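In: Structure for the following, please:
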Amino acid sequence: MAATIEGQDRVLATAQQIVKSLNINTKATEDMILILSSFDNRLSNITDLMEGGAAGEEIDHRFQTAEKVILRHDSGGLGEPSSRNSSPWEESPTEATEYLEAVDTIIKYTEDLNIQSDGDTEIMDRAENALQLAMSRLEDEFLHILIRNTVPLDIDRLYGSIRKGSLSFASNEIEIGEDFDSFREEDHGGSSGYHHERGPSLGGDVFVDLIHPEAIKELKAIADRMIRSGYEKECCQVYSNVRRDVLDECLSILGVERLSIEEVQRIDWKILDEKMKKWIQAVKIVVKVLLFGEKRLCEQVFSESELIKEISFVETTKGCVMQLLNFGEAVAIGQRSSEKLFRILDMYEVVADVLPDFETLFADESGDLVCNEVKGVLSGLGEAAIGTFVELENAVKNESSRRAILGGDIHPLSRYVMNYIKLLVDYSDSLNALLPNSQDLDRGSSELDDIDSGDTLSPVSCRLLSLITSLESKLEEKSRLYDDNAMRYIFLMNNILYIVQKVKDSELRNLLGDRWIRKHRGQIRQWHTSYLRAAWGKALLCLKDEGIGGGSSSASKLVLKERFKNFNACFEDIYRIQSSWKVADDQLREELRISISEKVLPAYRAFVGRFGGQLDSGRHAGKYVKYSPDDLENYLLDLFEGQAAQLNNMKRKGCVLSHLTYPKLIPAFSIGNAPCPPTS
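Out: As a prediction, the model looks like this:
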C-alpha cells in the first residue's frame, strides 16, 4: 500500500514538472493535461492544478504590466526623487487614467497577497515597492492639482454677491464722544466724536469656490487610492497644508492681521476700532462662507473615510479659526473704556450668531477643542461688555468736573450719556442676557416712581433708568455752579428737554414709558415759571404803582424817574446777559420769548400809559422813557441766541412776537401725547 502511494506521488511530481515546463505555451499545456488525464485516473486532479497555475499566471501578468506603468513614471530608485518625466495629469488625461488603473491593480494584488499566508516574499516585496512608488507619485500629483487649481478669494466678487441681498447692513449711526472723559477737554462750542455703525447681517446663500470644481474629481480619485493603501496620513497632511495657506491668504484679504495679544492691546483706539469692524465682518464671511465651503470640499474629496474627512477639515481650518479667536480674546481682556462697548457688543453678537455654525461644522470629537475655544471667547466678550457698562455707570456717578457751561447750553455729559444710552437700546437682547438679575432695581426704588405701575422692567430697562437718574442728579449738581438762578433754570431746561427728546424719539420710550416723559415735561414747565420769576421779577417790581402817589408833585416825579431808570437798567442788564445765553431748541427758545413778552410788555405798556405823560413836559424826558413797548418786544428777539449784544448797536427787528404766529410749547408739556420739540 505504501509503495502504491509513493508511486502516485512520484507520477504527480513528474506531471507537475512537465506542466511547469510547458507553461510557456498555453495550447500545449492544455493538450498535455488531456493526455495525462486519460492515461490514469490518478492524474485527474492535475486539471485543477493547472487551472490554478493559469490563473496565477494571468495575475502575474497584470501585476507586471501595472508595475511597468508605475516604474515608467519614476526613473529614480526607492526613496529617490522622481524625475517627473511625465506631463501634468490635466494635460494628459489618458496617462492619468492608465496610471490610476495600474495603481488599482497593484493595490488589489497586495491585498490578495496579504490574505495569503504562504505568499511569495519576493513578489510581496516587489508589490510593496511598486505601491510605495505609486503613492509618492500620487502625493505629488495631489499637491500639484491642489496648488494649480486654487482660486484666490475675489473680494469684489464676494461683496458683489453680498450686495445682491445676502448681506444687509443694519446701520445705526450715532455720534458719541471718543471716550467718557473727552468732553472735559473739548471745545464746548461743537460736538466731536466718532460714528458707530452696526455690523452686517449675513445670509446663508453666499457661496465661494476657492478651487476649480473640475479638479475635485481628480483629487477624490487620488485620495480614494491613498486611503485604501494606508497612506491617508500623507494625503491629509498635503491637503491641510495647502488649504490652510489658502485660508490664511483669505484672512489677509479680509484685513485680519496675525497679531499677538500684546500687540492688540497697544494699538491706538481709532486704529483698533477699524480692526474690530474688519474682524466682525471677517468672522461672518469666514464661518458662513469659507468654512462651509471647506467642509463641503472635504466631504467631496475624502468621501471614502469619515475619519479622514473630519481630521482634514479640522487641521485645515483650526489655524484660521484660532487667529480670529485670538484677536477676540485680546479685545476681551484689554483695557476697558466706554467707547469700546459697542464694538465689543458687536463682536459678542457675531460670535453668538456663528456659535451654532461652529457646532455644526466641528460636530466630531476632533472639533471639540475649537468649539470650546469659541465658547470661551464668547464668554470673555460678554464679561468685557458688562464690565465696560459698569465702568460707564461708575464714571457718570463719580463725574466731578466743575466747569460751568457757557450760556447754560446742553452739557457735553448729557450729549454723551444720552447718545450712548440711545445706542445701547439696540443691544437690549444681548444686554438682557448678560446683565445679572440680582442688580435689577427694587420695585420700591424711588427711581421707579416715574414708571407706569403696570410695566415690567427688563434688566436693561432698569439699568438704563438708573443711568439716566444718575445723569439727572449730576445735572442738578452742575446747575448749582451758576450764581444766577435764572441761568440755572435755563441750564436745567436745556438739558432735561434734551434728555426727554432723546427718550421720546427712540426705543427708550418703549422702555421708560409715557409717564416718565410726562413727569419730566412737568419739570420743564416748573423751571420755566421759576426762570421768569428769577430773571424778570426785579424789573417788574419797578412797574408797580405802590409808592408813587397821585398828582404831579415833585416827589412823585422823582419816584417815577427812579422807577423808569431802575427798569431801564434792569432791562439793559438782562438784555446784555441773556442775549449771550444759549437755548438750543428752537421751539423752547421762542416760547421763552413769548412768555417774557406776555409777562413784561403788558405791565410796561400800562405803566408808561399811566405815568409816562407826567415826564413828557420835563427836561430830558427821553432819559427815563427810553424804550417804547414795541422796542422792548423787538429786543426780546435777541435773547438766548448765544451771542452777546449791545442795545445801542441794535437795529429794529422786522417781526414782532405774537401769540398768533407761533404755537405755545409750555401748555404742550401738560398733554401726554403732545410732540416734544426736536433738538439736535
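
In: C-alpha from now on. contacts and neighbour counts both.
Out: Will do.

In: what's Phe327 in contact with, if anything?
Out: 259-261, 264 (Cα atoms under 8 Å, 6 or more residues apart in numbering).

In: any idea how far Leu588 is from Gly319?
Out: Noted for Gly319: a distance of 60 Å to Leu588, by Cα to Cα, to the nearest Å.

In: and the two? which has more neighbours close in?
Out: Set Gly319 next to Leu588 and count neighbours by other Cα atoms under 10 Å: Leu588 wins out with 21 against 16.

In: quick one: what helix or strand has that one in it?
Out: Element membership for Leu588 (DSSP states H and E) is helix 586-611.

In: can you tell me the average pLDDT over that helix?
Out: Mean pLDDT, helix 586-611: 93.

In: same check, this time on stretch 393-404
Out: Here the average pLDDT along stretch 393-404 is 90.

In: next one: stretch 502-509
Out: Summarised as a single mean, pLDDT over stretch 502-509 is 91.

In: Output that stretch in CSV with nothing but the alpha carbons.
Out: Provided in CSV are the C-alpha atoms of stretch 502-509 (Å, rounded to 0.1, in the frame of the first residue of the first chain):
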residue,chain,number,x,y,z
LYS,A,502,-33.8,111.5,23.2
VAL,A,503,-36.1,109.2,25.1
LYS,A,504,-39.2,110.2,23.1
ASP,A,505,-37.6,109.8,19.7
SER,A,506,-36.1,106.4,20.3
GLU,A,507,-36.8,102.9,21.6
LEU,A,508,-36.1,104.3,25.1
ARG,A,509,-39.7,105.5,25.0
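
In: Could you list the low-confidence segments of the stretch 151-300 of the chain?
Out: Residues of the stretch 151-300 of the chain meeting the criterion pLDDT under 70: 159-207.

In: Let me see the ranges of the strands in it.
Out: 167-169, 174-176, 194-196, 200-202 (DSSP state E, counting those that start in this stretch).

In: any idea how this structure splits into domains?
Out: The chain is divided into the following domains under automatic domain parsing: 45-138, 155-387, 398-533, 538-669.

In: Tell me which helix or strand comes right after the helix or strand harbouring Val314.
Out: With secondary structure defined by DSSP H and E, Val314 is part of helix 306-332. Next helix or strand after helix 306-332 toward the C-terminus (DSSP H and E): helix 341-361.

In: helices or strands up against that following helix?
Out: Where contact means 3 or more Cα pairs under 8 Å, 6 or more residues apart in numbering; DSSP states H and E, helix 341-361 is packed against helix 269-285, helix 306-332, helix 368-398.

In: Can you lay out the ones you listed as a markdown table showing distance to Lys220?
Out: Below are these laid out as a markdown table (distance: least, Cα to Cα, whole Å):
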| stretch | distance to Lys220 |
| --- | --- |
| helix 269-285 | 26 |
| helix 306-332 | 11 |
| helix 368-398 | 26 |
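
In: mind checking pLDDT for Ile671?
Out: pLDDT recorded at Ile671 is 23.

In: what does Tyr624 give?
Out: Tyr624 is given a pLDDT of 82.

In: Surely it and Phe564 touch.
Out: Yes: between Tyr624 and Phe564 a contact is recorded at 5.3 Å, counting by Cα atoms under 8 Å.

In: got the buried residues for the helix holding Val314?
Out: 308-317, 319-321, 323-332 (16 or more other Cα atoms under 10 Å).

In: Equivalent analysis for stretch 151-158, please.
Out: For stretch 151-158, the buried set under the neighbour-count rule, 16+ other Cα under 10 Å, comprises Leu153.

In: Also stretch 530-545?
Out: Quick answer for stretch 530-545 (16+ other Cα under 10 Å): 530-533, 535-536, 539-540, 542-543.

In: For these, give me a markdown table that also has pLDDT.
Out: Output for those, formatted as a markdown table (pLDDT from 0 to 100):
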| residue | pLDDT |
| --- | --- |
| Ser530 | 96 |
| Tyr531 | 96 |
| Leu532 | 95 |
| Arg533 | 95 |
| Ala535 | 95 |
| Trp536 | 95 |
| Ala539 | 93 |
| Leu540 | 93 |
| Cys542 | 90 |
| Leu543 | 90 |
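
In: mind listing which of these are in strands?
Out: The strands, defined by DSSP state E, take in nothing from the buried residues of stretch 530-545.

In: and of the residues you listed, the nearest to Asp268?
Out: Nearest to Asp268 out of the buried residues of stretch 530-545 is Tyr531 (Cα to Cα; 45.9 Å).

In: what's the nearest residue to that closest one once chain neighbours are set aside in contact with, if anything?
Out: Closest residue to Tyr531 apart from its sequence neighbours, by Cα to Cα, 6 or more residues apart in numbering: Ala486 at 4.9 Å. By Cα under 8 Å, 6+ apart, the contact list for Ala486 reads 530-532, 534-535.

In: biggest separation within these, which pair?
Out: In the contacts of Ala486, two members sit farther apart than any others by Cα to Cα. They are Ser530 and Ala535, at 8.5 Å.

In: Leu254 against Lys277, yeah?
Out: No: counting by Cα under 8 Å, Leu254 stays clear of Lys277, with 10.8 Å between them.

In: gap between stretch 480-488 and the chain center?
Out: 44 Å (Cα atoms, centre = their mean, to the nearest Å).

In: what is the mean pLDDT for that stretch?
Out: pLDDT averaged over stretch 480-488 gives 94.

In: Please point out which parts of that stretch sit buried.
Out: 482, 485-488.

In: Widest-spaced pair of these?
Out: Tyr482 and Ala486 (8.9 Å).
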